[in-house]
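> sequence first, then the predicted structure, then my questions.
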Amino acid sequence: MNAQTGTPAAPARIGSVSTGAALELRGVQKMFGALAAIADVTMTVASGERRAVLGSNGAGKTTLFNCVTGDFLPTSGTIRLFGEDVTTFPAHERVRRGLRRTYQISLLFGGLTVADNVYLACRGVSRARFSMLRPRQGDTLLSRAEELIEAVNLTDASSTMVANLSYGQQRQLEIALALAGAPRLILFDEPAAGLSPTERGELVRLLTNLPEHIGYVIIEHDMDVALRVAESVTMMHNGTVFKEGTPEEIENDAEVQELYLGDGHG
Ligand SMILES: Nc1ncnc2c1ncn2[C@@H]1O[C@H](COP(=O)(O)OP(=O)(O)OP(=O)(O)O)[C@@H](O)[C@H]1O
């Protein structure tokens, strides 16, 4: 058990929620001209597992995310989501299977309120997504949106225009949007970037308290945040998997320290 977060220690928690692999990459490569942004990456993330992907600038982390989400088609290799080969599936088909993603750059609707943004996200992944009707009282998506807003501690800002939120609140809202529908695996792309120390603490609390069945992969340059919210770590270097291990193993690994921790990256 993690005394700070109340989250069970990694192996026990993964074992208690895992029903197979959420994500399996086999020999994934992505070329940009002659450059291998990702070269032969093989990795498996169990259902419900919380994995950090670390590595210095240009290591291939974001390209890896883009291949998993369907934004990029890998040059070779296979990607399986919950056992199904989705290598050539478009992004929306992966969303239907429970994959979500947040971006380094905010994609929020600044001219709408927090409540509207979350409602639209809930609607966007529901069967009512093509309906032009306005929400009515009793609309279950409205109550689901309220739950998500509460889950990310934004209830007091529910009717605030997104453009008037603090940066930290905007990042909290992005997490609420990623939770819309029935996510099973969320890819977080540097969620702590630009946050104050207090906001980082809040982010750690939010992530570690997500429902147990929701796994995530997090790219994060803040090692303190990454190692506190992850149960397992993949270190990337030059487009390849350099090391895998528990946060403790990675933190104490001499090669990792030399390559990554000690030289000012991160
Ligand atoms: N669309 C693209 N076209 C050409 N090269 C690209 C493209 N996207 C990424 N690259 C290159 O691929 C390599 C890996 O980039 P990537 O953004 O995946 O690294 P990263 O680990 O996410 O880095 P950072 O931590 O800076 O975000 C880099 O050399 C980058 O310049």
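Done, it's in.
> wait, what's in contact with residue 202?
With contacts defined as C-beta atoms under 8 Å, 6 or more residues apart in numbering, residue 202 is in contact with 153, 168, 172. Yep, even glycine has a C-beta here, placed from its N, CA and C like the rest.
> give me the neighbour count for the first one.
What that stands for is residue 153. By the criterion of other C-beta atoms under 10 Å, residue 153 has 14 neighbours.
> for the spatially closest residue to it that is not a sequence neighbour, helix, strand, or coil?
Leaving aside its chain neighbours, residue 153 sits nearest to residue 172 (6.4 Å; criterion: C-beta to C-beta, 6 or more residues apart in numbering). Under DSSP: H, G, I helix; E, B strand; the rest coil, the three-state class of residue 172 is helix.
> wait, what's in contact with residue 172?
Contacts of residue 172 by C-beta under 8 Å, 6+ apart are 152, 153, 154, 202, 203, 206.
> can you rerun that using 10 Å?
The contact partners of residue 172, taken as C-beta atoms under 10 Å, 6 or more residues apart in numbering, are 114, 149, 151-154, 157, 165-166, 191, 195, 199, 202-203, 206.
> of the residues you listed, select the buried ones using a PyMOL command.
A single PyMOL command selects the buried members of these (16 or more other C-beta atoms under 10 Å):
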select buried, resi 114+149+151+152+154+157+165+191+195+199+202+203+206
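> quick one: the helices in the stretch 1-150 of the chain?
Remark: helices assigned in the stretch 1-150 of the chain by DSSP state H, counting those that start in this stretch are 10-17, 61-69, 91-96, 114-124, 140-151.
> tell me which of these lies nearest to residue 237.
Among those, helix 61-69 comes nearest to residue 237, with 10.5 Å by C-beta to C-beta.
> distance from the chain centre to the closest one, please.
Helix 61-69 sits 11 Å away from the centroid of its parent chain (C-alpha atoms, centre = their mean, to the nearest Å).
> next: stretch 32-46.
That offset, for stretch 32-46, works out to 18 Å (C-alpha atoms, centre = their mean).
> buried residues, it. List them.
36, 37, 38, 39, 41, 43, 45, 46.
> does it come close to the ligand?
Yes: contact of stretch 32-46 with the ligand is found when judged by C-beta under 6 Å from any ligand atom, involving 32, 35, 37.
> same question for that stretch, mean pLDDT?
Computed over stretch 32-46, the mean pLDDT rounds to 96.
> against the ligand, how distant is the nearest residue to residue 65 once chain neighbours are set aside?
Using C-beta to C-beta, 6+ apart and skipping the chain neighbours, the partner closest in space to residue 65 is residue 187 (5.1 Å). Look at residue 187 and the ligand: by C-beta to the nearest ligand atom, to the nearest Å, they are 12 Å apart.
> also residue 216?
Taking C-beta to the nearest ligand atom, one finds residue 216 at 17 Å from the ligand.
> give me the element that residue is part of.
strand 215-219 (DSSP states H and E).
> CA-only coordinates of that strand in PDB, if you can.
Output of strand 215-219 as PDB, limited to C-alpha atoms (Å, rounded to 0.1, in the frame of the first residue of the first chain):
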ATOM      1  CA  GLY A 215      -5.300   1.900 -16.600                       C
ATOM      2  CA  TYR A 216      -3.100   4.600 -18.000                       C
ATOM      3  CA  VAL A 217       0.200   5.300 -19.700                       C
ATOM      4  CA  ILE A 218       1.700   8.600 -18.800                       C
ATOM      5  CA  ILE A 219       4.500  10.500 -20.500                       C
END
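> and the helix or strand immediately after that strand in the chain, anywhere near the ligand?
Downstream of strand 215-219, the next assigned helix or strand under DSSP H and E is helix 223-229. No: for helix 223-229, no contact with the ligand is found by C-beta under 6 Å from any ligand atom; the gap never falls below 12.3 Å.
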